[in-house]
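>>> Coordinates for the following, if possible.
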Amino acid sequence: MSKIENKNTGDSWMQHMLKGEFAEAWKISDTVLAARAGVPCVHLPRHQQYFWDGTPLHNKRVLVRCYHGLGDTIQFIRYAPWLKSIVRELTIWAQPELIPLLQTMRAVDKLLPLHDGAPEVDLDADIEVMELPHIHRTTIATIPSDIPYLHVAPISLSKQEQQLKVGLVWRAGEWDPRRHLSFESLKPLFSVKGIECYILQADPLRAGWEQGYGVHPGDYSLFDYARVLKGLDLLISVDSMPAHLAGAIGNSVWTLLHANADWRWMAERLDSPWYPTMRLFRQERQGDWDSVVKKVKAALQALIQSKTKQARPKSQAM
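Next up, the predicted model:
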């Protein structure tokens, strides 16, 4: 398949996914699967390598390789219980920092830390974690929705029960800088009364955080970071790993998306079938984060007002 054909196929697949037409996208994936039969992929970057050749996995010893980012693993590891229901033995080869979290899942036989060598496991078939939706033939209606599928106990950061505990993440990985916004852009949120802001951004000072705005609770392992998220009322995050993690543990999360967001968020939706506790805030124009933050601020104020009304004694509410 030529580079032009590859691009056209990829563009068509992307358009179907953005529209939520998953079944049509899998037909394209089937064509790509057939075209790459017997074509080696070991020379490709790890995250572009493919493993499933289209053969059924029933009653086989299957290895799932987690070659993409942490957020990708967190999102698509939800398929592990379904996969275990059809295979004889399921091994997950995952990023070492994720292992303690993945141990809270059910239906996984073995969890091994990912490394640059060969997996130390006997197997009949192996697949990459982002191939799982294709194998499952997922549609919007059949996305595995047993939420939460990662389980942690909360770490409480505050004893002020009247305040809404809100975490903030404003920078993602470097592969797509359109996902970033500046800390300066977030400052209007700190004027909302009734919230406590927690800085959950990795390396916050380097990311532009100014002390005096919110509280940085410290650095945590990924497992304890999940526990901190579980202790919050809400996470506000750009499209990055923390948003996926909050969704996977069943916490409320507001995800801020740039104008041409990734296919997994689809087009125009303000919710996500992947994460029932997630709300999406989208740019209307590329690069315009100010209008997004304005909407988030208004939504925060409305949330505070709603909680205040719910907590008010009946004698005061009348």
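>>> how about Phe51, what does it touch?
Counting by C-beta atoms under 8 Å, 6 or more residues apart in numbering, Phe51 touches 65, 125-128, 131. Glycine gets a C-beta too; all of them are placed from N, C-alpha and C.
>>> ok, 6 Å please
The contact partners of Phe51, taken as C-beta atoms under 6 Å, 6 or more residues apart in numbering, are 126-128.
>>> quick one: which of the residues you listed has the most company?
Neighbour counts for the contacts of Phe51, by other C-beta atoms under 10 Å, peak at Glu128, which reaches 22 neighbours.
>>> Quick check: phi and psi at it.
phi -100, psi 150 (degrees, to the nearest 10).
>>> I figured it was touching Tyr67, is that so?
Yes - counting by C-beta atoms under 6 Å, Glu128 touches Tyr67, with 5.5 Å between them.
>>> what about Ser191, how many neighbours?
By other C-beta under 10 Å, 9 other residues sit near Ser191.
>>> What of Ser85?
10.
>>> Just want to check the distance between Met14 and Tyr275.
Here Met14 is placed at a distance of 21 Å from Tyr275 (C-beta to C-beta, to the nearest Å).
>>> neighbour count winner among these two?
It is Tyr275, of Met14 and Tyr275, that has more neighbours when counted by other C-beta under 10 Å, with 25 against 14.
>>> OK, contacts around the more buried one?
Contacts of Tyr275 (C-beta under 6 Å, 6+ apart): Gly247.
>>> From Arg106, how far out is it?
For Tyr275, the distance to Arg106 - C-beta to C-beta - is 19 Å.
>>> Ignoring the adjacent residues along the chain, who's closest to Val32?
Counting by C-beta to C-beta, 6 or more residues apart in numbering, Val32 lies nearest to Thr9, which is 6.4 Å off, once chain neighbours are set aside.
>>> Can you report how many residues neighbour that neighbour?
16.
>>> mind pulling up the phi and psi values for Arg61?
Torsion angles, degrees, to the nearest 10, at Arg61: phi -90, psi 110.
>>> Tell me, how many residues neighbour it?
Counted by other C-beta under 10 Å, the residues lying close to Arg61 total 18.
>>> That one touches Glu89, doesn't it?
Yes - between Arg61 and Glu89 there is a contact at 4.3 Å, judged by C-beta under 6 Å.
>>> so where's the stretch 1-150 of the chain uncertain?
Where the stretch 1-150 of the chain drops to pLDDT under 70, the residues are 1-7.
>>> What segments of it are strands?
61-65, 89-94, 110-113, 125-128 (DSSP state E, counting those that start in this stretch).
>>> The stretch 201-318 of the chain: strands as residue ranges?
Using DSSP E, counting those that start in this stretch, strands in the stretch 201-318 of the chain cover 234-238, 253-257, 278-282.
>>> mind giving me CSV with those and columns for distance to Ile147?
Output for those, formatted as CSV (distance: least, C-beta to C-beta, whole Å):
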stretch, distance to Ile147
strand 234-238, 15
strand 253-257, 12
strand 278-282, 10
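>>> any chance of these in JSON lines, plus mean pLDDT and mean neighbour count?
As requested, these are exported to JSON lines (pLDDT from 0 to 100; neighbours: other C-beta atoms under 10 Å):
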{"stretch": "strand 234-238", "mean pLDDT": "98", "mean neighbour count": "25"}
{"stretch": "strand 253-257", "mean pLDDT": "98", "mean neighbour count": "24"}
{"stretch": "strand 278-282", "mean pLDDT": "98", "mean neighbour count": "19"}
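>>> what residues are up against Thr308?
So Thr308 contacts nothing (C-beta under 6 Å, 6+ apart).
>>> residue closest to the middle of the chain?
The centroid of the chain falls nearest to His244 when counting by C-alpha atoms, centre = their mean (2.4 Å).
>>> quick one: that one from Thr255, how far?
Taking C-beta to C-beta, one finds His244 at 9 Å from Thr255.
>>> Please apply the same query to Pro188.
Relative to Thr255, and taking C-beta to C-beta, Pro188 is found at 18 Å.
>>> Repeat that for Arg227.
20 Å.
>>> How about Lys19, nearest residue that isn't a chain neighbour?
In space, Lys19 is closest to Ala267, 6.5 Å off (C-beta to C-beta, 6+ apart).
>>> likewise Leu229?
Closest to Leu229 by C-beta to C-beta, 6+ apart is Ala246, at 5.1 Å.
>>> Correct me if wrong: the one you found contacts Val253.
Yes - under the criterion of C-beta under 6 Å, Ala246 makes contact with Val253 at 3.8 Å.
>>> what's near enough to touch Ser29?
Here Ser29 is in contact with His134 (criterion: C-beta under 6 Å, 6+ apart).
>>> ok, the residue nearest to Leu229 to Trp265 distance?
From Ala246 to Trp265 the distance is 15 Å (C-beta to C-beta).
>>> For Gln286, what are phi and psi?
phi -60, psi 130.
>>> which secondary structure element contains Cys197?
Per DSSP states H and E: Cys197 is located in strand 195-199.
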